[in-house]
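Visitor: Sequence and predicted structure are below.
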Amino acid sequence: MSENQVVTVTHKGDVAWVEINNPPVNATSTAVRQGLADAVAAVAGARVAVLKCAGRTFVAGGDMSEFDAPPVEPHLPDVVQMIEDSPTPFVAMMHSNVLGGGFEIAMGCAWRIAASGTGFGLPEVNVGLIPGAAGTQRLPRLIGMDAAIDIACSGKIVKADAMLALGGIDMVSDNLEADVNSFIADLPARPTAISARTVPAFADDLIETKRAALAKRAKGQQSPLENLEALQWALEPFAEGQPKERARHLALRHSPESRALRHAFFAERVVAKPDAIKGATPRDIASLVVVGGGLMGAGIATSALNAGLSVTLIERDADAAKQAETRVHGLLEGAVKRGKMTADAFEARKTAFRAVSDYAEAASAPLAIEAVFEDVAVKREVFQKLAAVMADDAILATNTSYLDPMLIFEGIENQDRCIGLHFFSPAHIMKLLEIVKTPHTSAEVLATGFALGKRLRKISVLSGICDGFIGNRILAAYRRAADYLLADGALPYQVDAAMRKMGVPMGPYEMQDLTGLQIAWANRKRQAATRDPNERYVTIADQLCEMDRLGQRTGKGWYTYEEGNRKPLRDPEVEAIVEAYSAQNGITRRAFTEEEIAGRLLAVIANEGALIVQEGIAERAADVDMVKVHGYGFPRWRGGPMQYAKEIGLEKSKEFMQLVATDSPGSWKVASWKGVV
Ligand code: NAI
């Protein structure tokens, strides 16, 4: 028996049992790779070797913490090759997840046997990479090019039954231990090593068709296309394709895209554990009340039902309650129609849901989320009624977008139970949840908010109180900067094109047309009294609103729309208004390149994010990044605006911000970035 800390080899008769034990997910760290290399030597002489993993899963990936450092020997492709070349053939005995390096190791084995439900995948694409241990070279040889593209280019996980059907594994078992034992008792003839096989024939136009579809979906992200390219190297001899894959994998580790995606991966985990909840124990929430069953309330209720909670929705009267019920049932039904929910689950959710008009129904609930009209008086009245019937310590949450929670909760007893839970529309789909802390919110209540967010499968981000919280405050700055560009010489379509080019699904003007111009208009009116008179105020958006150009809902906004078509069309009327605005204000319009436009707008977003961190509204830059990525369509492959600013160089981002500030004196506070990144 040979052994290092993480890989052990035990001989029983003529069988060698090799076990990896590297919690939590048996990642292919240096110690695991070395242990496997030693194990290949140690199994010599055995009739067969079985490779298995201790703990909750088979090898579920590489060790990302090693990716920034130079690679250390033995390298994984060499280890996989040793396994494949071993005179003693290996059986991979797999459970739970077989991902990335884990799948590559399994493909070095002669046979693969998986417990039912095991998931297989090459998720490297999700962190801006291609596999580096011949995953793209062996997979098409094993299951064909079409299926290999689907897996490697999307990062999706394929379950054992489907993998068996693709020919990627030899058996799916409900009784792994016993089935592996009978398999090795009567081994079939050793199959040809995967690296020695050729890729089965596939359709002539397969690659081009896939390339077009991937490019469209990737919106600027390169890694799906990188994987497609690497998969094609499998058509060359293995000895040529494999080193190419390895070299590209190592190069991509240092690409901005991979850095950004790894940043996002870690940021998603960091934001879920803010300092403010350290040491606090969340309450268990199994049911909740939603007040207001409009657009947001219905979405929030649906999200909670989907997470297995029971929900009581309170509306103004019986009619409104009925309408809210119809709305929630409709959202649930939508999931059934899209094949995302079974009929049984639909019935269970309907049973867990009630829409009522009597506040007494809230009496026993541990938490209520208010989503009524954006009006302080209305919201206050709702909380008075809730406080009157609910327990003294029941959590009271507001979904307000812009109102100050301190005003909303004024007069409520026990303010430590008051919190903001700011969902995004549509609330049953959007990932982001801003959890707003008032100066009184207790750590326990905050922690409960985060636990609820996790249960609803949201990315929860802590925010302090400021106008618009983190996300909408940045949105307001972004739109203001875009409007300044219009006043100074750009046109809406140019601004949108520049931003789309950097990876957002929609530019600021198309987005406003989609969501409607009226909310921001109402906010600007509300802010008028307190706005700094020195701040530049561009009235173009207001003019459009006054003309009832409120976006797609009125058929016109920043663009015009043909009946039944959502495609924005340039509108000479709008462009004339923009140009007239410049003329009336004595501005000589000038041309902006797309780089200038995107550079300035991204600098404004990052600058506002830095101010938010400096003011303590957000705990850290990663919080800002996750708000923008999961609530506002900022490309995840750019990591978020703060990561992007770091990537292009903070000095460059600051220079752009300085230009913006100089062009509009008195309008911008420039962040120092002290302590931000
Ligand atoms: P909505 O107008 O679609 O729905 C409001 C609902 O509240 C209506 O169904 C109304 O009947 C009900 N309601 C009004 N007064 C009530 C009362 N006293 N008791 C019970 N129900 C009452 O509005 P929407 O868009 O759902 O917004 C609700 C809240 O969510 C607002 O505070 C808004 O700022 C916030 N929000 C809105 C987002 C959006 O994209 N629309 C995004 C995030 C937050």
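Guide: Now that the structure is in, tell me what you want to look at.

Visitor: Got the confidence number for W111?
Guide: pLDDT for W111: 98.

Visitor: likewise the one 3 residues further on?
Guide: Confidence per residue is given as pLDDT, and for A114 that number is 98.

Visitor: residues in contact with it?
Guide: 94-95, 98, 120, 160, 163-164, 169, 171-173, 176 (C-beta atoms under 8 Å, 6 or more residues apart in numbering). Where C-beta positions appear, they are placed from N, C-alpha and C, glycine not excepted.

Visitor: Go through those residues and name the one nearest the ligand.
Guide: F120 (38.3 Å; C-beta to the nearest ligand atom).

Visitor: what's the first-to-last distance across stretch 7-17?
Guide: Using C-alpha to C-alpha, to the nearest Å, the end-to-end distance of stretch 7-17 comes to 10 Å.

Visitor: For it, buried residues please.
Guide: 7-9, 15-17 (16 or more other C-beta atoms under 10 Å).

Visitor: Pull the number of nearby residues for V291.
Guide: 26 (other C-beta atoms under 10 Å).

Visitor: Surely it and A371 touch.
Guide: Yes. In this structure, V291 is within contact of A371 by C-beta atoms under 8 Å, at 6.7 Å.

Visitor: Common neighbours of those two, please.
Guide: The contact sets of V291 and A371 overlap at G297 (C-beta under 8 Å, 6+ apart).

Visitor: State the helix or strand in which D392 lies.
Guide: Under DSSP states H and E, no helix or strand contains D392.

Visitor: and it, what does it touch?
Guide: Counted by C-beta under 8 Å, 6+ apart, D392 has contacts 413-414.

Visitor: Let's verify the residue nearest to H329 when sequence neighbours are not counted: helix, strand, or coil?
Guide: Nearest residue to H329, sequence neighbours excluded (C-beta to C-beta, 6 or more residues apart in numbering): K350, at 6.6 Å. Recorded secondary structure, K350: helix (DSSP: H, G, I helix; E, B strand; the rest coil).

Visitor: Quick check: the gap between K350 and the ligand.
Guide: K350 is 19 Å from the ligand, where distance means C-beta to the nearest ligand atom, to the nearest Å.

Visitor: Quick check: that residue touching L331?
Guide: No. Using C-beta under 8 Å, K350 is not in contact with L331; the gap is 11.5 Å.

Visitor: More neighbours: which of those two?
Guide: L331 (21 against 15).

Visitor: Now the closest residue to that one other than its chain neighbours: phi and psi?
Guide: Distances taken as C-beta to C-beta, 6+ apart put T302 closest to L331, at 4.4 Å, once the chain neighbours are dropped. Phi and psi for T302, reported as degrees, to the nearest 10, are phi -60, psi -40.

Visitor: now the one 10 residues further on
Guide: As for T312, its main-chain torsions (degrees, to the nearest 10) stand at phi -110, psi 120.

Visitor: As a check, name the ranges of all strands in the stretch 251-400 of the chain.
Guide: Along the stretch 251-400 of the chain, the stretches classed as strands by DSSP state E, counting those that start in this stretch are 287-291, 310-314, 353-356, 367-370, 395-398.

Visitor: The fourth one close to the ligand?
Guide: No. If you take C-beta under 6 Å from any ligand atom as the test, strand 367-370 misses the ligand, and the best it gets is 7.7 Å.

Visitor: what's that strand packed up against?
Guide: Contact analysis of strand 367-370 by 3 or more C-beta pairs under 8 Å, 6 or more residues apart in numbering; DSSP states H and E lists strand 287-291, helix 376-389, strand 395-398 as its packing neighbours.

Visitor: The residue nearest to L331 touches V328, doesn't it?
Guide: Yes. The pair T302 / V328 is scored as a contact, 5.7 Å apart, by C-beta under 8 Å.

Visitor: who in the protein is up against the ligand?
Guide: Residues of the chain lying close to the ligand by C-beta under 6 Å from any ligand atom are 291-297, 314-316, 320, 371-374, 378, 382, 399-401, 423-425.

Visitor: Near the residue of the stretch 251-400 of the chain found nearest the ligand, how many other residues are there?
Guide: The ligand sits closest to G294 of the stretch 251-400 of the chain, with a gap of 1.8 Å, by C-beta to the nearest ligand atom. Using other C-beta under 10 Å, G294 has 15 other residues around it.

Visitor: What does it show for phi and psi?
Guide: phi -80, psi -150.

Visitor: And the residue of the stretch 51-200 of the chain closest to the ligand?
Guide: Taking C-beta to the nearest ligand atom, the ligand has its nearest neighbour within the stretch 51-200 of the chain at N126, 28.2 Å off.

Visitor: list the buried ones in stretch 31-47?
Guide: Buried residues in stretch 31-47, defined by neighbour count with 16+ other C-beta under 10 Å: 32-40, 42-43, 46.

Visitor: Nearest residue to W558 in space, please, no chain neighbours.
Guide: That would be Y509: by C-beta to C-beta, 6+ apart, it lies 3.9 Å from W558.

Visitor: again, but for S29
Guide: Closest residue in space to S29, ignoring its immediate chain neighbours: D63 at 4.3 Å, by C-beta to C-beta, 6+ apart.

Visitor: and the one you found, what pLDDT?
Guide: Note on D63: pLDDT of 81.

Visitor: all strands of the stretch 401-550 of the chain, in order?
Guide: Per DSSP E, counting those that start in this stretch, the stretch 401-550 of the chain carries strands over the ranges 418-423, 432-436, 459-463.

Visitor: what helices or strands is the second one leaning on?
Guide: This means strand 432-436. strand 418-423, helix 443-455, strand 459-463, helix 469-488, helix 621-631.

Visitor: contacts for the shortest one?
Guide: The one in question is strand 459-463. 268, 271-272, 274, 276, 420, 422, 431-437, 446, 449-450, 453-454, 469-470, 617-619, 623, 626-627, 630.
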